[in-house]
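**Student:** Pasting the sequence and the predicted model now:
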Amino acid sequence: MRICIPTETMEGLNARVFSHFGSAPYFTVYDTERDQIEIINNTNADHQHGMCHPVDIIGPVSINAVICMGMGRRAVEKLNEAGIKAFRQEGETVAELIKRYKANELEELTAENACMHHHGGCH
């Protein structure tokens with residue numbers, strides 16, 4: 001399983017989680033089978049609200065899931081259309097979110113619950 005988490009820095013497991021998925025400076029991808037980290041520079045971090053295209057940035061890396069603090073309905077639908085599950089969970093670091101994922105403590109995001117706690121409303 002390859003899990004993508006929006007992060008502020010390139011510090012691997014110690015990277016701090018970024019609060020807005022599409023505007024994160026980096027995406028930290030953790031491979032649960034290989035216990036390896038890959039860092040992706042988000043070249044689409046500066047955009048108008050609702051105009052982010054993170055699937056275009058992370059798509060070539062082949063991920064299975066995203067863990068974030070929340071996202072809008074359209075973003076969840078775009079990820080799901082690409083075969084990527086989205087989970088909502090707050091946390092300080094990548095390591096903390098990976099631990100919660102492995103403990104099955106994450107809430108899966110769907111079109112129905114995507115907007116809850118999403119800053120700026122649902123778009």
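**Tutor:** Sure thing, it's come through.
**Student:** Report the secondary structure state of residue 98.
**Tutor:** helix (DSSP: H, G, I helix; E, B strand; the rest coil).
**Student:** you'd agree it is up against residue 30?
**Tutor:** Yes. Taking contacts as Cβ atoms under 8 Å, residue 98 lies within contact range of residue 30: 5.5 Å. For glycine as for every other residue, the C-beta is placed from the backbone atoms N, C-alpha and C.
**Student:** Next, show the common contact partners of those two.
**Tutor:** Both residue 98 and residue 30 are in contact with 3, 5, 13, where contact means Cβ atoms under 8 Å, 6 or more residues apart in numbering.
**Student:** In helices, which of those appear?
**Tutor:** The subset of those located in helices under the criterion DSSP state H is empty.
**Student:** And the buried ones among these, selectable in ChimeraX?
**Tutor:** Entered in ChimeraX, the line below selects the buried ones among the shared contacts of residue 98 and residue 30, by 16 or more other Cβ atoms under 10 Å:
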select :3,5
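**Student:** moving C-terminal of the helix or strand of the chain with the lowest mean pLDDT, what's the next helix or strand?
**Tutor:** Scoring the helices and strands of the chain by mean pLDDT, DSSP states H and E places helix 54-58 at the bottom, with a mean of 61. Using DSSP states H and E, the next helix or strand after helix 54-58 towards the C-terminus is strand 65-68.
**Student:** who does that next one touch, helix- and strand-wise?
**Tutor:** Here strand 65-68 touches strand 2-7, strand 85-88, helix 94-102, going by 3 or more Cβ pairs under 8 Å, 6 or more residues apart in numbering; DSSP states H and E.
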